[in-house]
Every structure is written in structure tokens, then in C-alpha cells.
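Q: Okay, here's the prediction I keep looking at, along with the sequence it came from:
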Amino acid sequence: MSLRCCSSQRFESVEFLIQSAHQLEVTPVVKYTALSFFADRFLPRLIQANGVRNWLLQPMGGSNLQLFALISIWISSKIHDSHPVPLKSLKSLGDMFITEQHFTTRDFLEAELVLLQVLNFDIGTSNVAFMFLEELFVWFEGVAKVGELVSFEACMDLMDLLYEKEETSILFCSPCSLAASVLVSSYVVTVPKQQWEFPILPWVKFVTSCKEEDIVKQVKEILKHVFHPSC
């Protein structure tokens, strides 16, 4: 039996992770690291699952994916927070919103090990796009007066939207380039056109060493997804 999840399951589980992160009031870095673990690493590896055999992976239904989404938040919180999200809080959230199946505390602990095994214990955070974006945004605010018009919340909203579809989530494979493209896209969306005075493209190209044509291509993809999400 294939472990691969369908597009609708992927969308629903990613949305569940985002909503759960808001419910738990975790920091943005915890949320986006969890998304990196779950959407960028765990879901693509499910079809091989690194030889891992476990009842939580077979069959891979929506409830199981929701459980692994919560586990991704938990692992991320352990990495970034001095006081990680308590397992009790995760289980309470699961009991409230995972309606098709009830998971015990032991299931949560087992799911943590399974997820780590599927990831081959790849839980590094140096290539998380949010970290590049946060640093880039601070630099941008420091050099451009128009930076005060660019909303960091809008940047994060764009990142959330990109996780909706598998084809756009692939952009996260190039985190530095994506961070530059998200900043440029947010600039285009939030800054009034008559105030487009800062040379944003040459600047992000200079500070990131990314190719301008790659950034332009990604910006077009991002804006297409924002304004024409069904395309």
C-alpha cells in the first residue's frame, strides 16, 4: 500500500498545522520550522519512508497526518523554545480537532520516533526559509525608509499561501532565494506603486548572491498564486 498522501490530504494537514500553531501561540520560527519538517521533508519522503514500518504510517489517513503535524510542532518547539510546548497541550488540541481517531499519549511519543526515523533524524534548521527572510527583512528596514511600509505579517501570509499547493511548496527547496522573492513580492503587494523608489531587486540580489532572473521568476510564481490561486 502506498504511503503517499493525496493533494487534498496534504492541503488539509498543512492547514491543520498552521491553525494548530496559531492555537498553541507558538513563535513564527517554531511554526515555519515545523512546516519545514512536515511539508518539506516528511511528506515527500513518505513514499519511501526510509524503510520504516509502523501502524501510524499504514494506511496514511488524514488523522495520522494531523498527528504528525502536531509532532512537527512539538519537535520544532523543543529546538527553539527554552520551555517547549507541553505534550499535554498537544494532546488536548488533538483530542479536540482530530475527530476520526483518538490518539493516546503513548501514540504521540511513538509518532515522534516514527517521524524522526522517516526524516532520518534530519532536523537541522539552517535551511529554513523563515530564518533567511527574518534576517533579510531586518537588513531591509535598516537601509530603506520604505521598509516601514512593508509588512512582515504580509511576508508570513505569503509563505503560508505557498504551502497550500505542492507545486508552490517546492519553492522552499531554495530557502535563500525564496526569502528574497517573498520580500520582493511583499514589497510589490504592500507598498503603493508611486513609492517604489528603492531598488529592491538589485539590493536582494546583492545581499543574497541569488540570480536576479531566479528571483523574478519566483516572484511571478508567488504573485500568480496570490492573485490567481486556482491556476
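A: The structure has been received and is ready for your questions.

Q: least trustworthy helix or strand in the protein by mean pLDDT?
A: Using mean pLDDT, DSSP states H and E, helix 166-169 stands out as the lowest-scoring helix or strand of the chain, at a mean of 77.

Q: Can you pull up the most central residue in this structure?
A: Leu35 (3.4 Å; CA atoms, centre = their mean).

Q: Would you mind confirming that that residue is in contact with Tyr163?
A: Yes. Judged on CB atoms under 8 Å, Leu35 makes contact with Tyr163 at a distance of 5.9 Å. Backbone N, C-alpha and C define where each C-beta goes, glycine included.

Q: shared neighbours of the two, which are they?
A: Common contacts of Leu35 and Tyr163, defined by CB atoms under 8 Å, 6 or more residues apart in numbering, comprise 14, 18.

Q: Please identify the residue most distant from the middle of the chain.
A: Distance-from-mean max, the chain, by CA atoms, centre = their mean: Gln194 at 32.4 Å.

Q: Got phi/psi on Gly124?
A: Backbone dihedrals for Gly124, given as degrees, to the nearest 10, come out at phi -70, psi 150.

Q: Can you get me a residue count around it?
A: 12 (other CB atoms under 10 Å).

Q: Distance of it relative to Gln194?
A: Look at Gly124 and Gln194: by CB to CB, to the nearest Å, they are 43 Å apart.

Q: likewise Lys31?
A: 34 Å.

Q: How about Leu65?
A: 46 Å.

Q: What of Ser177?
A: Look at Ser177 and Gln194: by CB to CB, they are 28 Å apart.

Q: got it, and Ala111?
A: 52 Å.

Q: now this structure, which segments are flagged as low pLDDT?
A: Within the chain, the ranges that satisfy pLDDT under 70 run 1-6, 47-52, 229-231.

Q: Run a quick neighbour tally on Cys155.
A: Number of residues near Cys155 (other CB under 10 Å) recorded here: 23.

Q: burial of Lys145, as a residue count?
A: 10.

Q: Going by residue numbers, what spans are helices in the protein?
A: Taking DSSP state H, the helices of the chain run over residues 7-24, 28-35, 43-45, 62-80, 87-97, 105-118, 129-143, 152-162, 166-169, 175-190, 200-208, 212-227.

Q: Make TSV out of those helices and add distance to Leu56.
A: Below are the helices of the chain laid out as TSV (distance: least, CB to CB, whole Å):
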stretch	distance to Leu56
helix 7-24	14
helix 28-35	18
helix 43-45	14
helix 62-80	6
helix 87-97	13
helix 105-118	5
helix 129-143	27
helix 152-162	26
helix 166-169	22
helix 175-190	28
helix 200-208	39
helix 212-227	32
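
Q: among those, which is nearest Arg53?
A: helix 105-118 (9.6 Å; CB to CB).

Q: between the closest one and helix 87-97, how big is the angle?
A: On the basis of axes from the mean of the first three to the mean of the last three CA atoms, to 10 degrees, helix 105-118 is oriented at 100 degrees to helix 87-97.

Q: Could you list every helix and strand in contact with helix 105-118?
A: Other helices and strands packing on helix 105-118, by 3 or more CB pairs under 8 Å, 6 or more residues apart in numbering; DSSP states H and E, are helix 62-80, helix 87-97.

Q: for those, which one sits closest to Gln23?
A: helix 87-97 (6.0 Å).

Q: Leu158: what's it in contact with?
A: By CB under 8 Å, 6+ apart, the contact list for Leu158 reads 182, 185-186, 189, 222, 226.
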